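Q: here are the coordinates; sequence isn't available:
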C-alpha cells in the first residue's frame, strides 16, 4: 500500500484539521505544494452530506496517496428545474468533523460563482456510456456531472481520483471522459457501500420515511435474485419482465429503468454474460433510488 507508507513516512497524523480553500487559485497552490514535497495526491469529489460510503472513498484515497483532497460542491448544472437542488441535504459542520477525524489534508468548498463564472458557456458531453438509462430520465445529468468532474480534475490535477460503484453509469462516464480527454489522473473505484439491510448508502436515503425504509431495501434483494437466475438461465428478456413485476409488487411507485448492460460500454445485453451489470432506478415516495449489481 504505497499511499499508506508515504503518509506514515511524511509524519501525517491520524487526525488533523484539514485546511479549507474556497478558490481555484488556492486549491492549485496547495496541491502544487503537496507535489513539490514529493507526495501523491488523491481527490474525492463529493456533494457533501457525507455518509459511510463517502468515508470509505476517503479511506481508499488515504491508502492510495500521501495527501487527500475532498471537494464539497453541490453542482447546480446537474439538477433539472424540477429536481431537489434547494432541498439537497447540507451539513458542512458535520462533514468537516468527519473529514478531520479521517485525517483529510485539504477540503475544497467553492461557491457556484467560483466554479461557474459569469458568462460560463462550456460543457462536456460524453456519448457511449452516457447514453440511455440515467440520461433518458434526466437528460441534463451527465453533461452536468462530466463538466464539474472535468473542472475539478483540471483544477486539482490529482494523481488519483476515487469513485464508488454505486453510481455505476456515472463512473463509466468519468472513465470515458478521462481517457478521451487525456486527463492525467488514475480513476480508483471501490465497491458500493451498503447499510446492514443491503440498501446502498446515499445522501438521498435521508428522504425515506420509516414506512418506506423496508421497501427501499427490497431493491437490492430483487437485483440479487435476478442476478442469480440470470447466471443460471441467461434469459434476459424474461428476467427483466420478472424483475419489473417484483419491483411493482414490492411497493415501488415507479420504475425509470431496469436493464442488463455491458459492464464497460453499458450497451444493452440480450444474453447474460460475465461482466454484465444489472442497473435499476426506481421511485419510492419522493425518493429516487438507484442501484446496480455485477453478474
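A: Great, that's in hand. The shown structure was predicted, so the numbers you read here are calculated from the model rather than taken from an experiment.

Q: what domains does the record give for this structure?
A: According to automatic domain parsing, the chain is divided into the following domains: 2-190, 203-294.

Q: worst average pLDDT in those?
A: Out of those, domain 2-190 stands lowest, with a mean of 93 (criterion: mean pLDDT).

Q: From residue 230, how far off is the residue nearest to the spatial centre of the chain?
A: Centroid check for the chain by C-alpha atoms, centre = their mean gives residue 167 as the closest residue, at 4.8 Å. Separation of residue 167 from residue 230 (C-beta to C-beta, to the nearest Å): 22 Å. Every residue, glycine included, has its C-beta placed from N, CA and C.

Q: one step back: verify the stated contact: the residue nearest to the centre of the chain with residue 289.
A: No. Between residue 167 and residue 289 there is no contact under C-beta atoms under 8 Å: 11.9 Å.

Q: just to revisit the earlier point, quick one, which of the domains of the chain is nearest to residue 196?
A: The closest of the domains of the chain to residue 196 is domain 203-294. By C-beta to C-beta, the value is 9.2 Å.

Q: A helix includes residue 170, no?
A: Yes. If the criterion is DSSP: H, G, I helix; E, B strand; the rest coil, then residue 170 is within a helix.

Q: Spatially nearest residue to it (excluding sequence neighbours)?
A: Leaving aside its sequence neighbours, residue 170 sits nearest to residue 145 (C-beta to C-beta, 6 or more residues apart in numbering; 5.7 Å).

Q: Is that neighbour in contact with residue 172, as I believe?
A: No. Look at residue 145 against residue 172 with C-beta under 8 Å: they stay out of range, at 11.3 Å.

Q: So for the two, which residue has more residues nearby?
A: Neighbour comparison, residue 145 and residue 172: the larger count goes to residue 145, with 25 against 21 (by other C-beta atoms under 10 Å).

Q: The more buried one: what's it in contact with?
A: 75, 78, 170, 173-174 (C-beta atoms under 8 Å, 6 or more residues apart in numbering).

Q: Fine by me, thanks again.
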